[in-house]
Every structure is written in structure tokens, then in C-alpha cells.
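In: Need the 3D shape of this:
(one chain, ligands or ions: 1)
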Amino acid sequence: MNSIEWMDGSVRFLDQTLLPNEERYVDTDEIEVMAEAIRRLQVRGAPLIGIAAAYAIVLGVRKAAGGPRRLFADALDASCALIASTRPTAKNLFWAVERMRNAARLNTHMAGDALYASLVAEAVAIHTEDAAMCAAIGEHGARLIPQDAVILTHCNTGALATGGIGTALGVVITAHRQGKHVSVFADETRPLLQGSRLTAWELRREGIPVTVIPDTASAVSIQKKNIALAIVGSDRIAANGDAANKIGTYGVAIMAKHHGVPFYVAAPSSTFDRAIAHGDAIPIEERGREEVTMCGPVCVAPPDVNVYNPSFDVTPNELISGIITERGVLLPPFTESIARMFDKRGAQ
Ligand code: MRU
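Out: This is a model prediction of the structure:
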């Protein structure tokens, strides 16, 4: 299953808002359609948002690539600004926009066709590198998974959210493929239900036993259902290891700590934001009130009630047992282990 694909001049993506009821792909060569798809969570999950951003920028500059340099620079600026305005929290989106900008800067001397081809190549590289990072995260993380483990997860972090097998879910899938007989408790993940709609759908396709629970049942599940560990993804990780992820993750980390259950974050290096010292400075998206007051077409709250709908929260580093990256598992103290990881392999 490919959640996104470059189709030689256009993008094909799976509309995740329709899952699990309908598997519908959308084809487009319009950057505006891609921007709206990111905003509406038709494509979602931090790594996938980065990949979608890169392809969207290719679509945005396509027509200007063969024209005067000034027009190309304007199209690039406008495309990057449009994509950067879609969702604020996932670092991967801004990381991908920067990579596309740098590729364009390095190749401005090229003729139109070659310049366009170099941007396509950069976007495809972002996609294939993400798949490789997922595979490596899966290998490193699977070493932490005991035989017969019952694993708690939150939101969706699998193939739907990335260019490969996933981050946190990639770890689960790799352990499963190694024959470890794992099973998963998936938080439904209110209000947009990425856990029940997407994670349960993906795990069943993989043949991994999954039990969907309301978010409100994660405490009692950790207490009574023999959960061996919790593992989640992340949208942005600060220099000290504080990690933003889907709303509700912070609560899961507190519960895990209370019960002495390890809590792991799995994310590629493209999710780290070393310019942000700690989690308080991570921009947190707030979404529309209707996501909370409506359940499909049905109103489930007084229509004019006050609503607070943050899409993400930040788990403080002291609640995190380890951060699983493509370069290995980082352990506390994270300020040091994160700095070491980047200093060893070159800056972001
Ligand atoms: O709002 P979403 O569905 O894009 O949020 C996604 C998450 O919070 C994921 O856990 C995170 O992006 C990591 S995906 C590998």
C-alpha cells in the first residue's frame, strides 16, 4: 500500500479521511489540492506530510521552471509559503520545504527541464530516504520488544503516516515479522480517530492482533491488560528530547510512568528540531471546534459551547524511556544523546 506516489508529473495519494470504509486514491497536479489535502488530513502523519510537501512544491514550480529566473524564484517562494502555512507542528514539513529550497538554490544555473528534473529527484529522494529510515527504526526498535509483548500505541504511525513501514508501528511490524507474537492495544485517538480508523486497519492488514480502546480506557488497560510497553511517534522533538505528538500522548506517558511501563518515542532524524531548546517552544496546532462538537453529521455538544481542540501535546523528556531513530536508540539524558547523534553524522 502506497499512501503517496509520484506519477511522472502528478501525485497520487490515498485519501485517509475516508478510511476504513473506502480506499480511494486522488490524482492531482495542483499544489492547491495538495495543500488542502495536508490541511484536511487526507494525507497526514509527520513524515508523510514532509513527503507530500516536497511533491507539492514540485507541482507548484512546474510551469515556471522553463521560464525566466525571476518567475521561477517567485513560484518557489509562493509554493514554499503555501505549504508552510498548512500545518504548524510537524518539523518534517518545514525540513522538507528547506530541502526543496536548497535543491533549487544549488541548481538555479540549470536549464528549465534539468532544473525541474532535479527538484523531482530531490522530492523522490526525500520519499525513498524516509522508507529507509522507517526500516532502520523498525530494526533498532524491535530489539526493545519482548516475545509475546502487548503494546499500547496512540494515533497512527504506520505506512499511512510515512513513506515506509512506519515509525512506532514500524517497530511493531518488524517485531511481528521476526516472529515475536506481539499484539496491540490501539487508543482510538479522539477526535479524528486515527487509532481506530487507521491503526486498526493497518494492523489487521498485517495480521497483527489489535484491540481498539477508547482513549479513556488506556489507564485501565495499562493497569490490567499486561501492557509491556507504550510506543508512539512524534511530530517534533526539541533539543532536550521533549516530544510533541498527537493530543493524548502526554497522558499515556504519565500513565506508563505511574505503572512502571517503558514509554518509547520512535521518529526519524527529520523530526528533530535542534533550534528549539525545549518543548514549550514547539508550535501546537489548534483545530476547528466542529471536530469536537460533531460526530459525523451528529451534534454531540451544545452547538455554541466553548471548545479547546489542541491537535498535539508535548511529552516532557523525563517521561520518555528512549527515542528510537534510524541511527539507533537514544537514551536519557537526551540533550547529550541527541547532540551526539547529530554531531556524529553531520548537522541537520
Ligand atoms: O494529526 P495527525 O494525524 O497528522 O497526527 C499524527 C501524529 O500525531 C503521529 O503520531 C506523528 O505524526 C508521527 S507519524 C509517524
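In: average pLDDT for stretch 318-332?
Out: In this model, stretch 318-332 has an average pLDDT of 98.
In: repeat for stretch 165-173
Out: Mean per-residue pLDDT for stretch 165-173: 98.
In: Is any residue of it near the ligand?
Out: Yes. When contact is scored as C-beta under 6 Å from any ligand atom, part of stretch 165-173 falls within range of the ligand: T167. For the C-beta atoms, the positions are set from N, CA and C on the backbone; glycine is no exception.
In: Would you mind extracting the C-alpha trace of that stretch into CSV?
Out: Only the C-alpha atoms of stretch 165-173 are listed here, as CSV (Å, rounded to 0.1, in the frame of the first residue of the first chain):
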residue,chain,number,x,y,z
ILE,A,165,6.5,0.7,7.1
GLY,A,166,6.1,3.4,9.7
THR,A,167,7.9,4.6,12.9
ALA,A,168,6.3,3.3,16.1
LEU,A,169,4.1,0.9,14.1
GLY,A,170,7.1,0.0,12.0
VAL,A,171,8.8,-1.2,15.2
VAL,A,172,5.7,-3.3,16.0
ILE,A,173,5.5,-4.7,12.4
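In: And the contacts of that stretch?
Out: When contacts are defined by C-beta atoms under 8 Å, 6 or more residues apart in numbering, stretch 165-173 is touched by residues 47, 131, 134-135, 137-138, 141-142, 144-145, 151, 153, 156-162, 164, 174, 182, 184, 199, 202-203, 206, 208, 231-234, 264-268, 324.
In: Just the buried subset of those, please.
Out: The neighbour-count criterion (16 or more other C-beta atoms under 10 Å) marks 47, 131, 134, 137-138, 141-142, 144-145, 151, 153, 156-162, 164, 174, 182, 184, 199, 202-203, 206, 208, 231-234, 264-268, 324 among the contacts of stretch 165-173 as buried.
In: Inside helices: which ones of the contacts of stretch 165-173?
Out: Residues of the contacts of stretch 165-173 located in helices (DSSP state H): P47, A131, C134, A135, I137, G138, G141, A142, T174, E202, L203, E206.
In: And the fourth one, how close does it get to E326?
Out: From A135 across to E326, the span is 8 Å (C-beta to C-beta, to the nearest Å).
In: how about the helix or strand where A73 lies: buried residues?
Out: A73 belongs to helix 69-84 when elements are defined using DSSP states H and E. Using 16+ other C-beta under 10 Å as the test for burial, helix 69-84 gives F72, A75, L76, S79, C80, L82, I83.
In: If we check the ligand, which of the ones in helices among the contacts of stretch 165-173 are in contact?
Out: P47.
In: from the ones in helices among the contacts of stretch 165-173, which is closest to the ligand?
Out: The nearest member of these to the ligand, counting by C-beta to the nearest ligand atom, is P47 at 5.3 Å.
In: any idea what sits nearest that closest one, other than its immediate chain neighbours?
Out: Closest residue to P47 apart from its sequence neighbours, by C-beta to C-beta, 6 or more residues apart in numbering: T162 at 4.1 Å.
In: Over to R289?
Out: Across the structure, with C-beta to C-beta, 6+ apart as the measure, the residue nearest R289 apart from its sequence neighbours is V307 (4.0 Å).
In: The one you found: neighbour count?
Out: When neighbours are defined as other C-beta atoms under 10 Å, V307 has 15 of them.
In: and it, what helix or strand is that in?
Out: For V307, no secondary-structure element claims it when assigned by DSSP H and E, so it is in no helix or strand.
In: show me what contacts whichever residue of the stretch 101-250 of the chain sits closest to the ligand?
Out: For the stretch 101-250 of the chain and the ligand, the shortest gap (C-beta to the nearest ligand atom) falls at G233, measuring 2.8 Å. The neighbourhood of G233, defined by C-beta under 8 Å, 6+ apart, consists of 45-46, 155, 157, 161, 166-169, 245-246, 265-267.
In: if you look at these, which of them are in strands?
Out: N245, K246, V265, A266 (DSSP state E).
In: Just the pLDDT for the nearest residue to the second one once chain neighbours are set aside.
Out: Nearest residue to K246, sequence neighbours excluded (C-beta to C-beta, 6+ apart): C155, at 3.6 Å. Per-residue confidence for C155 comes out at a pLDDT of 98.
In: now do Q348
Out: Reading off the per-residue confidence, Q348 sits at a pLDDT of 49.
In: Repeat that for R345.
Out: Reported pLDDT for R345: 63.
In: residues contacting the residue nearest in space to the middle of the chain?
Out: Per C-alpha atoms, centre = their mean, the C-alpha nearest to the average position across the chain is that of A46, at 2.4 Å. For A46, the contact set (C-beta under 8 Å, 6+ apart) comprises A90, K91, N92, L93, A161, G233, S234, D235, R236, A267, T271.
In: could the residues you listed go into JSON lines alongside pLDDT?
Out: Supplementary listing: the contacts of A46 in JSON lines, determined by pLDDT from 0 to 100:
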{"residue": "A90", "pLDDT": "98"}
{"residue": "K91", "pLDDT": "98"}
{"residue": "N92", "pLDDT": "98"}
{"residue": "L93", "pLDDT": "98"}
{"residue": "A161", "pLDDT": "98"}
{"residue": "G233", "pLDDT": "98"}
{"residue": "S234", "pLDDT": "99"}
{"residue": "D235", "pLDDT": "98"}
{"residue": "R236", "pLDDT": "98"}
{"residue": "A267", "pLDDT": "98"}
{"residue": "T271", "pLDDT": "98"}
